[in-house]
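**Student:** Need the 3D shape of this:
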Amino acid sequence: MGDAHFLSGKKKAALFLLSLGKDTSRKVMEYLDKDSAATIMEVMKNLDAEDISMMDHVCDDIVCEIQGYDPELLSGLKDDDPETIARKLSHLPPEKASLVMRKLPERLRAEVSRKVASMDRDANSALKVKIKNRTLTFDEMNMLDDDSIRHILSEVEFMQLDKALRTASAETREKFFRNMHPHLAEELRDILEQDRTVSFMESEQAQKEILDILFMILSRK
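**Tutor:** All right, here's what the predicted structure looks like:
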């Protein structure tokens, strides 16, 4: 089987459209100019068995590009041991880490999965200690599960969250956004982009109040 990365852009487009099915691909083609549509149609007619065999790989690559994942990342992992790969993947958003995992050879994927599971157990243990000792920082809240974040959001005032997220890391912001109603998340994104003066002390105080809410919620369990 060939390498999908070496296919021409026209062949990739043809394979992707082919994967969508006749009806959907026809609708997509309507948005192309006549020359481009004719070119793609001609390429589709001349696809051979080897080209067709790479359809899934082409679709994966296109999904990766849409989601902001660079396929070259995978080649940078090929000489790493499973533990190193697991640590690198831990810094990626879950959906992107999942895409990378799917592209790893089956045996290596199993080893990396075991390392990731072990790291998760260690991280959860450390997180429980921090929560118990009330030493958790606001940015470390991105390690909480989604249910905990949603529970916090149900207790926090909108403008309180606005202040707290002003000085939060991008990763922590996204953790909250993902667990909010899309409309509210978009509204909060817009507010955060506005040039509204919030002092560092105000933001830090809001973060402390939200952490206190977290500790209160967990004390009820």
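**Student:** Backbone dihedrals for residue 48, please?
**Tutor:** phi -100, psi -180 (degrees, to the nearest 10).
**Student:** now residue 42
**Tutor:** phi -70, psi -40.
**Student:** Once you drop chain neighbours, what's closest to residue 87?
**Tutor:** Distances taken as CB to CB, 6 or more residues apart in numbering put residue 119 closest to residue 87, at 7.3 Å, once the chain neighbours are dropped. Where you see a C-beta, it was placed from the backbone N, CA and C, and this is true even at glycine.
**Student:** Now do the same for the one you found: helix, strand or coil?
**Tutor:** Reducing the assignment at residue 119 to three states with DSSP: H, G, I helix; E, B strand; the rest coil gives helix.
**Student:** check contacts around it.
**Tutor:** Contact analysis of residue 119 by CB atoms under 8 Å, 6 or more residues apart in numbering lists 86-87, 90.
**Student:** Closest to residue 23 out of those residues?
**Tutor:** When the contacts of residue 119 are compared for distance to residue 23 (CB to CB), residue 90 wins out at 40.9 Å.
**Student:** how close does that closest one get to residue 213?
**Tutor:** As judged by CB to CB, to the nearest Å, residue 90 and residue 213 stand 27 Å apart.
**Student:** re earlier: ranking the contacts of residue 119 by neighbours, who comes first?
**Tutor:** Greatest neighbour count in the contacts of residue 119, by other CB atoms under 10 Å, goes to residue 86: 22 neighbours.
**Student:** so what's that residue closest to, chain neighbours aside?
**Tutor:** Spatial nearest neighbour of residue 86, excluding adjacent residues (CB to CB, 6+ apart): residue 115 at 3.7 Å.
**Student:** so which strand or helix has that neighbour?
**Tutor:** Applying DSSP states H and E as the criterion places residue 115 in helix 106-132.
**Student:** Now do the helix or strand following that helix and helix 106-132, the angle between them.
**Tutor:** Scanning forward in sequence from helix 106-132 by DSSP H and E, the next helix or strand is helix 146-155. Between helix 146-155 and helix 106-132, the angle comes out at 40 degrees (axes from the mean of the first three to the mean of the last three CA atoms, to 10 degrees).
**Student:** helices or strands up against helix 146-155?
**Tutor:** Counting contacts by 3 or more CB pairs under 8 Å, 6 or more residues apart in numbering; DSSP states H and E, helix 146-155 is packed against helix 170-178, helix 200-220.
**Student:** What are the contacting residues of it?
**Tutor:** The contact list for helix 146-155, computed with CB under 8 Å, 6+ apart, reads 141, 161, 175-176, 178-180, 210, 213-214, 217-218.
**Student:** secondary structure class for residue 24?
**Tutor:** With three-state DSSP as the basis, residue 24 sits in helix.
**Student:** still on that earlier bit, from the contacts of residue 119, which has minimum pLDDT?
**Tutor:** Within the contacts of residue 119, residue 90 has the lowest pLDDT, namely 76.
**Student:** and that one, what does it touch?
**Tutor:** Counting by CB under 8 Å, 6+ apart, residue 90 makes contact with 97, 116, 119.
**Student:** Many thanks, we can stop here.
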